[in-house]
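Asks: Mind folding the following:
(chains A, B and C)
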Amino acid sequence: MTKSLRLHPDRLFSSEPRQRDVARALYATVKDLPIVSTHGHTDPRWFAYNEAFANPADLLIVPDHYAFRMLMSQGVKLDDLGVPTVDGSATEADPRLIWRRFADHYHLFRGTPTRMWMDWVFAEAFGIDVRLEPATADHYYDIIDAALKTDAFRPRALFERYNIEVIATTEGPLDPLDHHRAIRNSGWNGKVVTAYRPDPVLDPDDPRFIANVQRFCAMAGEDAGNYAGYLRAHEKRRADFREAGATSTDHGHPSAFTANLPRAEIEALYARVTSGPVTKAEAELFRGHMLTEMARMSIEDGMVMQLHPGVHRSHNAAVLARFGKDKGGDIPTSGEFVQSLKPLLDLYGNDPRLTLILFTLDEDVYSRELAPLAGHYPALKLGPPWWFHDSPEGMRRFRERTTETAGFYNTVGFNDDTRAFLSIPARHDVARRMDCNWLAQLVVEHRLEEDEAFEVAHELTYGLVKKAYKL
Amino acid sequence: MTKSLRLHPDRLFSSEPRQRDVARALYATVKDLPIVSTHGHTDPRWFAYNEAFANPADLLIVPDHYAFRMLMSQGVKLDDLGVPTVDGSATEADPRLIWRRFADHYHLFRGTPTRMWMDWVFAEAFGIDVRLEPATADHYYDIIDAALKTDAFRPRALFERYNIEVIATTEGPLDPLDHHRAIRNSGWNGKVVTAYRPDPVLDPDDPRFIANVQRFCAMAGEDAGNYAGYLRAHEKRRADFREAGATSTDHGHPSAFTANLPRAEIEALYARVTSGPVTKAEAELFRGHMLTEMARMSIEDGMVMQLHPGVHRSHNAAVLARFGKDKGGDIPTSGEFVQSLKPLLDLYGNDPRLTLILFTLDEDVYSRELAPLAGHYPALKLGPPWWFHDSPEGMRRFRERTTETAGFYNTVGFNDDTRAFLSIPARHDVARRMDCNWLAQLVVEHRLEEDEAFEVAHELTYGLVKKAYKL
Amino acid sequence: MTKSLRLHPDRLFSSEPRQRDVARALYATVKDLPIVSTHGHTDPRWFAYNEAFANPADLLIVPDHYAFRMLMSQGVKLDDLGVPTVDGSATEADPRLIWRRFADHYHLFRGTPTRMWMDWVFAEAFGIDVRLEPATADHYYDIIDAALKTDAFRPRALFERYNIEVIATTEGPLDPLDHHRAIRNSGWNGKVVTAYRPDPVLDPDDPRFIANVQRFCAMAGEDAGNYAGYLRAHEKRRADFREAGATSTDHGHPSAFTANLPRAEIEALYARVTSGPVTKAEAELFRGHMLTEMARMSIEDGMVMQLHPGVHRSHNAAVLARFGKDKGGDIPTSGEFVQSLKPLLDLYGNDPRLTLILFTLDEDVYSRELAPLAGHYPALKLGPPWWFHDSPEGMRRFRERTTETAGFYNTVGFNDDTRAFLSIPARHDVARRMDCNWLAQLVVEHRLEEDEAFEVAHELTYGLVKKAYKL
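Replies: Numbering: from 1, shown residues only, chains lettered A, B, ... in the order given. Alright, predicted model coming up:
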């Protein structure tokens, strides 16, 4: 006997009736607000060319490291899930078999946000009303596969159905931005913007760093042979990105370290990092100084900075060798912001023209460092709970630990941060529900007046993100 | 239409009816207990001379870094809030304008303890029944300003109205304690005591350290030229402070580091730190050794030690330069107590005559280090949640993370730690409510018997603080 | 008037009626499942010789560092509690006096798990129905003392009454395993197995390390003079332990540091550590490399590895000198797993034959490092909340912080980790109740379907531990 799949209208709300009632009332006023998706990793090609997605596995499993990391942790091989290899050697090619393997292990996701997002996609996007389990795997596959062949499931149709007001993709500094240009020239009026993520030309630890810098300067018509040219290349490429709608930059550094070197020193360091092997310390110093330069440019051109530090990328050597980056083996590390950000903040922390949005995977930092920093410096704002913490408990901890020191108005709404396009509404919905439930708790514990909670709910869902990202 | 201001009698209690009912019953037995305020920063001049407070802004905004740091984080300039400058250059002088700016941004405090404390002051101290917002700013100003001109709002009247059994101020080692003497000689019988905070003569990183030590030894009639004289100066000044009612010392160090140097080494180190520039390591070593000396003196003279480590003071260079210290730019850092305290504990940790009360801003340390240490060493006790964590969620985390390992009896009641005199009852009330709510949760989850919860509530409010601080 | 002692059937469940009802229903299905106690410190002699326990104090207080550490923290001397000394000098010998002192201070345990465990033992094991307090101390002593003289309170009878399916003790590498052999030869069919804890021959910081290694190799008939012989000794002793039922090894290291040295380097390091004084770094390197060797052997012989890192052992120098190790003075330290485990994981992290169960006392690591690692590597699993965190709040934090990233299926059930034999069912009961309450919360917040919660409750109680420990 198959089990029914039903999304409960009160999901994520407290079971305490008073709190639940307030949460329901708050949620009713924000659930239908448009989605403002300011940081994520959807593919601009989807919107540029509006082609149908290939099949259920290629859409929902193969690219989703949340999904395959869990199966891998329980002994399923990435090969058997069709994850593509670095050298192009074959992995499972039958999407139906991949789908069945996923269904066989769907119980592993109990209690995880992946389960919640997936169930939303199944129920809301595809209208499925039975639960995913081995017995229903083929039923699921058939329904989803058929739907994907219809126009209603092409990217632009979903974009419109999902009530997305704007979505930002993320592109590297070497991206020609052709797809974004194609979107603009297509006549379709969905708002898809880019964001400038210059890591490949900021990080001397990237094995292709030197080549990247050469190509980067060449794209901008600047001389890579000196620091001034390299800086101008950033300025020009930032202008290109702004032309493609970007209002933000994004920085994925190993730490939040910043530096402010005298001109002669950074010029000498630039010469070293662009000419040969560098020490760990030199690489860190270069990245740190460049964050400060990025802040300066942000003040000049108005782009909002996002800093996502503190991840040991590609921790699993064997997975990296066979499958490459972003395969579920990124592990957070301990964070530190107080010393790290001081050089940048000494220069620009009080400048009202700068917005630097901080993210962390080290939750201990929320109450100890981030809320006190954001509750003081005009330039700092707190990004939403990120990645592993983009989950009900993660969101609860974020509000519990930041609100009392930084308030609500130093936060910037929700980021879905995903390439799993179909689940974007599910992710925003989780955030809206958790925020409403938190506000409801404050109301029923008489820590916030009910009329104020309605105002704050709107701000957390829509107002703050528009303001912070200048959209 | 203005909105009403009403403090709900059940504020901070769970909305779950069983827990709320127990919390109410517990709270009813402690809410009217006298306030024992053993650590704070009120000004002894208030009680010595009993002058009226100047105006609403000077009383409630200009000196409150919780208040102006939040406004500053959202772009309001400290200049526009009348914060005085180091060089005496003018800032906003009109208290009504300052008050209006505060009212304009009062929504920023939603969900923060500042909002809760301020609303208590408005409603309970001044009897205001409409909410603070731009439209009511002048109404507020007029009411508060008028009240401050009455005798009922002079410091001693408030002290009595607030049912303060004893309040401790905090004075530096160079303080002549004249104001405390004036209180004693005034005939008024409010109990205002001092506490010995010798940081300025313990910390070689203080730019005035050498001059401070000279003056300090001179005050005590001792020779600053040798370590023995310096130690005797401490002993004499501690005696002066005890004469002014002090039962405690307080130590605000960058870390919890302690050391126990052989006599020859500390004498040599003393000679270095009092004669010229020192390294960071020397300064840390001197502070660390002196904490151990302070513990020894505490064993001899019975004064309770308080240690408040782990803050990066005056992080914002521009604010420090223009406005000086204590202007909302202090940021917590990561804490460590296990290695740091070992030298001191090796000597005195098992001595029943010592009470060393530990505070932290790194909440991860509660369950990992502080509760295990305090649940073992006879000399150690846990101070209440401090500063950024003096808030409902901060208090909740403190109890959740320390009770199971350290119990209730290794804690020492509540500290308001404030210079915001009018809000002292509000702060103690938040602690009483949160403790009662936590005890109520234990009762309704059958983790504590109800009759025991009543005993513990009294201890947390009144018994433990009196015992720990020997009052 | 004495107060009644009554264990409430709903203890530890939420007071919110919906959640409580689901928790009750879940708990009803797991409360009577057999106890699978895979990691602990009971004494195999109890089961081998089945002698009566001596008296209430010797059974319940003198060996329980949770109990006497709390009394000590409030000024009771370990001497007065009969804790035996290193040099054999006398301490309190009258068990009734010890018991009375414990009763005098029983209020100190309010809100702690010790109180919950003790009350369970009093009420369930001994049928006492009044609360322990000074007035009932003798009544308690008489009842317990009389019971201990009956056959029903001999170890094997309790083992059977407690429905223990299997219990693992922990033995060092020099243990001849005679008691386990005696159990086997006794004809009694209770399943008592050992576990291999080789710390004394892995840790060069142990003052007896060199002598230990000599004796260890001699026991195995191997040459301690070279690394190959030492490794073979491990392999042989592991085989001995497996013969005594062991399915697991256990490693109590100062940190989670691992290393993978080239053969020549480890041979040279082995020669150094077994011949004379070593530096801290050499000792750490040796321990780290040996963890990796233990992982290799686990892959070969199938034994599950447990890693318990991050404790500063015997922090209190005076207590260590007079009373020796394990006297309540062990204090957790900050944890790090991401860099530390990489050398081991690079070799064996993807090997499905390895199970490495990670424990921590630094709860910040749960969400930041451990859940992401265990939610990725096939070889890693998460051990239950450990030691100071084996408590209601500790268990709540564990589930809240690990479930969303690692799921339920990368955890391994509960460990009681105790030598307090009588409280074993109480400890498992707390875990079962807290897990059911957490699952109930997920159900009533519509984050997990009710039928799935029943499946997961069974897994958390029984299924996962059997699988992880291969029992």
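
Asks: Wondering if stretch A:302-321 reaches chain C at all.
Replies: Yes. Applying C-beta under 8 Å from any C-beta of the partner chain, one finds stretch A:302-321 touching chain C at A:312, A:315-319. For every residue, glycine as well, the C-beta is placed using N, CA and C.

Asks: quick check, nearest of these to chain B?
Replies: Nearest to chain B among these: A:His312, at 18.6 Å, using C-beta to the nearest C-beta.

Asks: Check the closest one and give its pLDDT.
Replies: At A:His312, the pLDDT value in this model is 96.

Asks: interface residues of the stretch 51-200 of chain A facing chain C?
Replies: Counting by C-beta under 8 Å from any C-beta, the stretch 51-200 of chain A sits next to chain C at A:69-70, A:72-75, A:107-113, A:116, A:131.

Asks: Only whichever of the residues you listed are buried, select them in PyMOL.
Replies: The buried subset of those, as determined by 16 or more other C-beta atoms under 10 Å in any protein chain shown, is captured in PyMOL by this line:
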select buried, chain A and resi 69+70+72+73+107+108+109+110+111+112+113+116+131
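
Asks: what are the ranges of the strands in chain A?
Replies: Remark: strands assigned in chain A by DSSP state E are A:35-37, A:164-168, A:192-193, A:248-251, A:304-307, A:311-312, A:331-332, A:356-358, A:380-382.

Asks: between these, which gets nearest to chain B?
Replies: Using C-beta to the nearest C-beta, these put strand A:380-382 closest to chain B, at 7.5 Å.

Asks: Mind listing residues that contact the closest one?
Replies: Counting contacts by C-beta atoms under 8 Å, 6 or more residues apart in numbering or on different chains, the residues outside strand A:380-382 that touch it are A:345, A:349, A:355-358, A:370-371, A:373-374, A:402, A:406, A:410-412, A:468, B:73.

Asks: Return the distance of that strand from the chain's centre.
Replies: Chain-centre distance of strand A:380-382: 16 Å, with C-alpha atoms, centre = their mean, to the nearest Å.

Asks: Repeat that for stretch A:39-51.
Replies: Relative to where its chain is centred, stretch A:39-51 has its mean C-alpha point 15 Å off (C-alpha atoms, centre = their mean).

Asks: Not counting that stretch itself, show me its contacts.
Replies: So stretch A:39-51 is contacted by A:154-156, A:159, A:167-171, A:179-180, A:182-183, A:186, A:188, A:190, A:192, A:194-195, A:248, A:250, A:306, A:383, A:415-419, A:421, A:424 (C-beta under 8 Å, 6+ apart).

Asks: Which two among the residues of the stretch 51-200 of chain A next to chain C are spaced furthest apart?
Replies: A:Gly75 and A:Met116 (23.9 Å; C-beta to C-beta).

Asks: Which residue lies closest in space to A:Ala135, excluding its sequence neighbours?
Replies: A:Thr2 (6.1 Å; C-beta to C-beta, 6 or more residues apart in numbering or on different chains).

Asks: That neighbour contacts A:Asp138, doesn't it?
Replies: No. Taking contacts as C-beta atoms under 8 Å, A:Thr2 lies outside contact range of A:Asp138: 11.8 Å.

Asks: Could you identify the buried members of the contacts of stretch A:39-51?
Replies: A:154-156, A:159, A:167-171, A:179-180, A:183, A:188, A:190, A:192, A:194-195, A:248, A:250, A:306, A:383, A:415-419, A:421, A:424.

Asks: beta partners of A:Val304?
Replies: A:Ser248 (DSSP bridges).

Asks: so it makes contact with A:Thr249?
Replies: Yes. In this structure, A:Val304 is within contact of A:Thr249 by C-beta under 8 Å, at 7.3 Å.

Asks: Next, show the common contact partners of these two.
Replies: A:Ser298.

Asks: Show me which residues of the stretch 301-450 of chain A are close to chain C?
Replies: A:312, A:315-319, A:328-334, A:361-364, A:388-389, A:391-394.

Asks: Let's see which of these end up in helices.
Replies: Counting by DSSP state H, these place A:317-319, A:364, A:392-394 in helices.

Asks: Tell me which residues touch A:Leu361, please.
Replies: Under the contact definition (C-beta under 8 Å, 6+ apart), the residues listed for A:Leu361 are A:310-311, A:332-333, A:335, A:386-389, C:368.

Asks: what does A:His389 give?
Replies: With C-beta under 8 Å, 6+ apart, A:His389 has these contacts: A:361, A:363, A:395, A:397-398, C:367.

Asks: So which of those is the closest to chain B?
Replies: Looking across the contacts of A:His389 and measuring by C-beta to the nearest C-beta, the closest to chain B is A:Glu363, at 9.2 Å.

Asks: Report how many residues lie close to that closest one.
Replies: Neighbour count for A:Glu363, taken as other C-beta atoms under 10 Å in any protein chain shown: 24.

Asks: quick revisit: of all the strands of chain A, which lies closest to C:Glu92?
Replies: strand A:331-332 (49.6 Å).

Asks: Can you spell out which helices and strands pack onto the closest one?
Replies: strand A:311-312, helix C:371-374 (3 or more C-beta pairs under 8 Å, 6 or more residues apart in numbering or on different chains; DSSP states H and E).

Asks: mind exporting stretch A:133-149 as PDB, just the C-alpha atoms?
Replies: Only the C-alpha atoms of stretch A:133-149 are listed here, as PDB (Å, rounded to 0.1, in the frame of the first residue of the first chain):
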ATOM      1  CA  GLU A 133       9.500   5.000  -1.800                       C
ATOM      2  CA  PRO A 134      10.800   2.000  -3.800                       C
ATOM      3  CA  ALA A 135       7.300   0.900  -4.800                       C
ATOM      4  CA  THR A 136       6.500   4.300  -6.300                       C
ATOM      5  CA  ALA A 137       9.800   5.100  -7.900                       C
ATOM      6  CA  ASP A 138       8.600   4.300 -11.500                       C
ATOM      7  CA  HIS A 139       5.400   6.100 -11.000                       C
ATOM      8  CA  TYR A 140       7.300   9.200 -10.000                       C
ATOM      9  CA  TYR A 141       9.700   8.800 -12.800                       C
ATOM     10  CA  ASP A 142       7.000   8.600 -15.400                       C
ATOM     11  CA  ILE A 143       5.000  11.500 -14.100                       C
ATOM     12  CA  ILE A 144       8.000  13.800 -13.800                       C
ATOM     13  CA  ASP A 145       9.500  12.700 -17.100                       C
ATOM     14  CA  ALA A 146       6.200  13.400 -18.900                       C
ATOM     15  CA  ALA A 147       5.800  16.800 -17.200                       C
ATOM     16  CA  LEU A 148       9.300  17.900 -18.200                       C
ATOM     17  CA  LYS A 149       8.400  17.300 -21.800                       C
END
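
Asks: Return the distance of that stretch from the chain's centre.
Replies: Going by C-alpha atoms, centre = their mean, where stretch A:133-149 is centred and where its chain is centred differ by 28 Å.

Asks: Likewise for stretch A:309-322?
Replies: The answer for stretch A:309-322 is 18 Å, by C-alpha atoms, centre = their mean.

Asks: Same check on stretch A:37-47?
Replies: Worked out by C-alpha atoms, centre = their mean, stretch A:37-47 lies 10 Å from the chain centre.

Asks: first vs last residue of that stretch, how far apart are they?
Replies: 15 Å (C-alpha to C-alpha, to the nearest Å).

Asks: quick one: contacts for the residue in the stretch 51-200 of chain A positioned nearest to chain B?
Replies: For the stretch 51-200 of chain A, the residue positioned closest to chain B under C-beta to the nearest C-beta is A:Gly111, at a distance of 21.1 Å. For A:Gly111, the contacting residues are C:403-404, C:407-408, C:442, C:447-448, C:456, by C-beta under 8 Å, 6+ apart.
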